[in-house]
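Colleague: Predicted model and sequence below, questions to follow.
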Amino acid sequence: DRALSRALRSGKREIDVEALVRAMVFNRLCDPTSKLGCLRWLETVALPAAPEGVTHQHLLRAMDALSDHAERVEMELARQIRPLVDHDLAVVFYDLTTVRIHGEGAVEDDLRAYGMNKELGGVARQFVLGVVQTAEGLPLMHTVHPGNVAETKTLQAMLSTVLQRFPVQRVILVADRGLLSLDNIGALTALADQGGRRLEFILAVPARRYGELVETFRDIAFDADGLAEAAFAGHRLIVAHDPLRAAEQGDRRRARIAELEAMAETMVTKLDAQDAAREADVKAARGRRASDRGAYSRFTRAVAEAELTRFLKADFAADRFSWSVDADALAEAELFDGKLALLTNAPDLTPADAVARYKALADIERGFRVLKSDIEIAPVHHRLPDRIRAHALICFLALVLYRVMRMRLKAKGHSASPRTALDMLARIQRHHARIADRKLEGVTTPNPEQLELFETLNLPKPA
């Protein structure tokens, strides 16, 4: 409330922007719908200070006002979050996700672009949302980018904003593989020299760089906990090895190769039968007669779809259809099975601590799942860039409230999740009754479970 009132309150507006933004945030938490759906929802809830006669245009104008003051809203929110952030050490987690969006037309500075959608696993029109959070799972800020942005390009601007808004002396950034390049590592270390702050990172090495680590991985020795340390690109390389996962990955790869070889052997048998003019075999084969060219086409397509072109090679120089398995490439791939490679410049983190910090990044993925399932950020039906940014900010504010609820429930040892708590509290109703000329109003008497939730969440019970 304080962040919104400081940033949005104005006596010059005809509508109460603060109240409408609050209503849209609560709608995302309680019953996420479109803006038209939010109007229908407002008719069914008792929301203190909610204006009357709200229309769709009022909500859109409130979004426009929110977009105009988005930076100030986030600055005010950051001011309230600062006491919860350790000034000596802040471990910052950063990741990106894609958000599907509808619409075919184009507008100026369009955020909607076609890119690889993580949810669909294919190309879709989308925008990219970045979220920064603390090790405790508290969202600090968010970023919005066009749907085809290169992930590595978002990292430096995000870090500059974090350092500006949160006066921490040391930041350890934890991020996933898609955000690492040797170029932006140089930019990150340059940022560390500004203002006497320490800027460190733990980044997963992307698989495309594993080829540069072959000799390192051949010589590396793991301790009893499956951890080892070496050097790469001028920084500490920490490697964690999981033998069970390595065996699973190797077995799965070999099984796929065996299936493709069996398919190829079947095609060779058919071709040999035709060449030997075995009439019975030819009649048994349905469809067109097989050919070496067709066999090459089917085999290479199947290998490509299985993503095994590194290991299975078709011999196009041979007179007849043939192939081979690249044993060296297979042995090289097995070097990396079951291994997690991390790059860090933090001098005092043990390998175990670095791995634990990186694995905690999974919590931000859970935050994205909350955004997409409980808060339902997608699909988005807005087309104007400012409206898209306002929609993302509304959903981010809902995520902040969701995570604060989770922190309070966890701190008091309560077993309910935020979603369960919201569902339990939604059973409380405000009643309006008329008896002759008398009007009666009242709130459902909370049951013991609901009273416990109000106490756990540090909230007054409704009157």
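Modeller: Sure thing, it's come through. Numbering: from 1, shown residues only.
Colleague: could you pull out the strands for this protein?
Modeller: Applying DSSP state E to the chain gives strands spanning 90-100, 113-117, 122-134, 139-146, 170-175, 198-204, 227-232, 235-241, 312-314, 323-325, 339-344, 430-435, 438-443.
Colleague: Dump those to JSON lines, plus mean neighbour count, distance to Arg6 and mean pLDDT.
Modeller: Heads up, the C-betas are built off the backbone N, CA and C, glycines and all. Compiled in JSON lines, those are given as follows (neighbours: other Cβ atoms under 10 Å; distance: least, Cβ to Cβ, whole Å; pLDDT from 0 to 100):
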{"stretch": "strand 90-100", "mean neighbour count": "22", "distance to Arg6": "24", "mean pLDDT": "83"}
{"stretch": "strand 113-117", "mean neighbour count": "15", "distance to Arg6": "34", "mean pLDDT": "86"}
{"stretch": "strand 122-134", "mean neighbour count": "20", "distance to Arg6": "21", "mean pLDDT": "88"}
{"stretch": "strand 139-146", "mean neighbour count": "21", "distance to Arg6": "17", "mean pLDDT": "90"}
{"stretch": "strand 170-175", "mean neighbour count": "22", "distance to Arg6": "26", "mean pLDDT": "81"}
{"stretch": "strand 198-204", "mean neighbour count": "22", "distance to Arg6": "29", "mean pLDDT": "83"}
{"stretch": "strand 227-232", "mean neighbour count": "16", "distance to Arg6": "46", "mean pLDDT": "92"}
{"stretch": "strand 235-241", "mean neighbour count": "21", "distance to Arg6": "41", "mean pLDDT": "93"}
{"stretch": "strand 312-314", "mean neighbour count": "19", "distance to Arg6": "63", "mean pLDDT": "90"}
{"stretch": "strand 323-325", "mean neighbour count": "15", "distance to Arg6": "66", "mean pLDDT": "91"}
{"stretch": "strand 339-344", "mean neighbour count": "22", "distance to Arg6": "38", "mean pLDDT": "91"}
{"stretch": "strand 430-435", "mean neighbour count": "9", "distance to Arg6": "29", "mean pLDDT": "90"}
{"stretch": "strand 438-443", "mean neighbour count": "10", "distance to Arg6": "30", "mean pLDDT": "90"}
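Colleague: Rebuild those strands as TSV, extending it with distance to Met24.
Modeller: Rendered in TSV, the data for the strands of the chain read as follows (distance: least, Cβ to Cβ, whole Å):
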stretch	distance to Met24
strand 90-100	17
strand 113-117	25
strand 122-134	17
strand 139-146	16
strand 170-175	30
strand 198-204	36
strand 227-232	47
strand 235-241	43
strand 312-314	54
strand 323-325	58
strand 339-344	40
strand 430-435	20
strand 438-443	24
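Colleague: now for those, which one comes closest to Ala70?
Modeller: Ala70 lies closest, by Cβ to Cβ, to one member of the strands of the chain: strand 139-146, at 9.5 Å.
Colleague: Give the partner strands of that closest one in its sheet and their orientations.
Modeller: Strand pairing for strand 139-146, determined by DSSP bridges: strand 122-134 (antiparallel).
Colleague: by how many degrees do the strand it pairs with and strand 170-175 diverge?
Modeller: Counting by axes from the mean of the first three to the mean of the last three Cα atoms, to 10 degrees, strand 122-134 points 160 degrees away from the direction of strand 170-175.
Colleague: Now stretch 237-255: buried residues?
Modeller: Within stretch 237-255, the residues that count as buried by 16 or more other Cβ atoms under 10 Å are Leu237, Ile238, Val239, Ala240, His241, Ala246, Gln249, Arg253.
Colleague: what do you get for stretch 99-107?
Modeller: Using 16+ other Cβ under 10 Å as the test for burial, stretch 99-107 gives Val99, Arg100, Ile101.
Colleague: Take these and lay them out in TSV including distance to Thr420.
Modeller: Written out in TSV, the entries for the buried residues of stretch 99-107 read as follows (distance: Cβ to Cβ, whole Å):
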residue	distance to Thr420
Val99	26
Arg100	27
Ile101	30
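Colleague: Between the buried residues of stretch 237-255, which sits nearest Pro418?
Modeller: Here the nearest of those to Pro418, counting by Cβ to Cβ, is Ala240; it sits at 31.7 Å.
Colleague: Can you name the residues that contact Ala3?
Modeller: Ala3 sits next to Val73, Glu76, Leu77, Arg79, Gln80 when contact means Cβ atoms under 8 Å, 6 or more residues apart in numbering.
Colleague: Tell me which entries of those residues lie within helices.
Modeller: Using DSSP state H, the members of the contacts of Ala3 that fall within helices are Val73, Glu76, Leu77, Arg79, Gln80.
Colleague: Any chance of a PyMOL selection covering the buried ones in those residues?
Modeller: The following PyMOL selection, which keeps only the buried ones among the ones in helices among the contacts of Ala3, applies the criterion 16+ other Cβ under 10 Å:
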select buried, resi 73+76+77
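Colleague: so, if you compare the ones in helices among the contacts of Ala3, which one comes nearest to Phe166?
Modeller: Sorting these by how near they are to Phe166, with Cβ to Cβ, puts Arg79 at the top with 9.9 Å.
Colleague: how close does the closest one get to Glu71?
Modeller: 13 Å (Cβ to Cβ, to the nearest Å).
Colleague: before we move on, what about Leu308?
Modeller: From Leu308 over to Glu71 the distance is 48 Å, taken as Cβ to Cβ.
Colleague: Who has more neighbours out of these two?
Modeller: Using other Cβ atoms under 10 Å, the more surrounded residue of Leu308 and Glu71 is Leu308, with 20 against 12.
Colleague: re earlier: nearest to Ile394 among the strands of the chain would be which one?
Modeller: Per Cβ to Cβ, nearest to Ile394 of those: strand 139-146, 10.9 Å.
Colleague: So Pro139 sits against Gly367, correct?
Modeller: Yes: assessed by Cβ atoms under 8 Å, Pro139 is found in contact with Gly367 at 6.9 Å.
Colleague: Need the overlap of contacts for the two.
Modeller: Counting by Cβ under 8 Å, 6+ apart, the residues touching both Pro139 and Gly367 are Val131, Gln133, Leu399, Arg403.
Colleague: from memory the first one sits against Ile364, does it?
Modeller: This means Val131. Yes: judged on Cβ under 8 Å, Val131 makes contact with Ile364 at a distance of 6.2 Å.
Colleague: Between the two, which contacts overlap?
Modeller: The overlap between the contact sets of Val131 and Ile364 (Cβ under 8 Å, 6+ apart) consists of Tyr94, Asp95.
Colleague: Just give me the residue right at the centre of the chain.
Modeller: Thr97 (3.9 Å; Cα atoms, centre = their mean).
Colleague: and the closest residue to that one other than its chain neighbours, what is it in contact with?
Modeller: In space, Thr97 comes closest to Phe368 once its chain neighbours are excluded; the distance is 4.5 Å by Cβ to Cβ, 6 or more residues apart in numbering. For Phe368, the set of contacting residues under the criterion of Cβ under 8 Å, 6+ apart consists of Asp95, Thr97, Val131.
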